[in-house]
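Asks: Mind looking at a prediction? Sequence and model below.
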Amino acid sequence: MPEQETWIGEGNRRPVGVEVEFGRLDAVQAAAAVRRRFGGTLRASSAHRLYVEDTELGTFKVELDWDWVHDAYDDGGIVDKAKELLGELGREVVPTEVVTPPVPAGRLPEIDGLIGELARLGAEGTRSGLLYGFGLHLNPALGPGDLAADPIRRVLQAYLLEAPALRAAIDVDPMRVLLPFVEPFPRPYLDLVLDPDYQPSLVGLIDDYLRFNATRNRELDLLPLFAEIDRERVATAVPDPKISARPTFHWRLPNADIEDPAWTVTGQWARWLSVETVALDRDGLAERLAARRRRTLQREGLWASLF
């Protein structure tokens, strides 16, 4: 990843990791498609987890998103055979996932090309099955200068202001609404963070987040970022081994509509950049926060006048 002090608001050079989930197509077929498109060598660590290494972009991971089927047991292979079989059956409800290395945002159309090939090979997206709670995750990189209270707070505030419109534009699949993976933030946390006077220290920002969001199941998951900054603090509050510390935002999009040619990773990335545009407009952000507080006070005044 290129060294840069700040990445917030940067365009085509900005490194972004992509995680896309889909059904039906197995990890072996998906990994082969990655290799055909980007080169590299295949390495299997289990029947349902493969790596495509030494590609021009870095290492891709392709796996059935079910940890239990990947762990090996020293029992003569009986359990491993059972895991392999159950993994095949599990593809009906458990997604296969392609995880890219950090990719310069200008090359995201190439990831869209890969996803198009996966769809042609039979991969199915969120809306293809009643139980398909599949999603897309974007991981925009942050530089050393971004790992501070002010830039993180402003992006968080911008995201919380934009989240209702983003959800409406994305048209969240009903199954994803029912599942917990991309839950909105609780109202008390919104009221705290969207107060115009909210300017915590970095420690305060992390502690407030952990107090209200001790879970990975948030639409904008900041646990990986905060674990990068203060691993022990996060691990104490959320002792989840699946939290992977890294200097990125982690945006959990609710849909992966891979069969729809109008749906692209590049298009979702443009949505994220619109959030950062709001964050970078300090005066505009301050006015929107102030306007929200005025509306809140008006509602509270109206409610009080009724009693």
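Replies: It's in. Residues are numbered from 1 along each chain as shown.
Asks: Find the helix or strand that residue 289 is a member of.
Replies: Remark: residue 289 resides in helix 282-305, with elements defined by DSSP states H and E.
Asks: mind listing what's buried in that helix?
Replies: 285, 288, 289, 292 (16 or more other CB atoms under 10 Å). Where C-beta positions appear, they are placed from N, C-alpha and C, glycine not excepted.
Asks: where does the protein have its least confident helix or strand?
Replies: helix 78-90 (a mean of 42; mean pLDDT, DSSP states H and E).
Asks: Tell me the first helix or strand C-terminal of that one.
Replies: strand 96-99.
Asks: For that next one, list every residue counted as buried.
Replies: Those would be 96, 97, 98, 99, for strand 96-99 by 16+ other CB under 10 Å.
Asks: ok so, going back, and the buried residues of helix 282-305 as a markdown table, adding distance to residue 191 and pLDDT?
Replies: As requested, the buried residues of helix 282-305 are exported to a markdown table (distance: CB to CB, whole Å; pLDDT from 0 to 100):
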| residue | distance to residue 191 | pLDDT |
| --- | --- | --- |
| 285 | 17 | 98 |
| 288 | 15 | 98 |
| 289 | 11 | 98 |
| 292 | 9 | 96 |
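Asks: what lines up beside the lengthiest strand in the chain in the sheet?
Replies: The longest strand of the chain (DSSP state E) is strand 15-22. Note on strand 15-22: by DSSP bridges, its sheet partners are strand 96-99 (antiparallel), strand 103-104 (antiparallel), strand 136-140 (antiparallel).
Asks: Same list, these, but as a markdown table with mean pLDDT please.
Replies: A markdown table is the format used below for the strands paired with strand 15-22 (pLDDT from 0 to 100):
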| stretch | mean pLDDT |
| --- | --- |
| strand 96-99 | 96 |
| strand 103-104 | 97 |
| strand 136-140 | 97 |
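Asks: need the helices for the protein, in chain order.
Replies: Using DSSP state H, the helices of the chain run over 27-38, 78-90, 108-120, 149-170, 174-178, 187-193, 202-212, 223-229, 231-237, 265-280, 282-305.
Asks: gap between the closest residue in space to residue 106 that isn't next to it in sequence and residue 266?
Replies: In this structure, residue 106 finds its nearest non-sequential neighbour in residue 12, 3.1 Å apart by CB to CB, 6 or more residues apart in numbering. Separation of residue 12 from residue 266 (CB to CB, to the nearest Å): 11 Å.
Asks: Mind listing what's buried along stretch 231-243?
Replies: Going by 16+ other CB under 10 Å, stretch 231-243 has these buried residues: 234, 237, 238, 243.
Asks: what comes into contact with it?
Replies: Identification of contacts with stretch 231-243 by CB atoms under 8 Å, 6 or more residues apart in numbering yields 203, 206, 207, 210, 214, 215, 216, 223, 224, 226, 227, 245.
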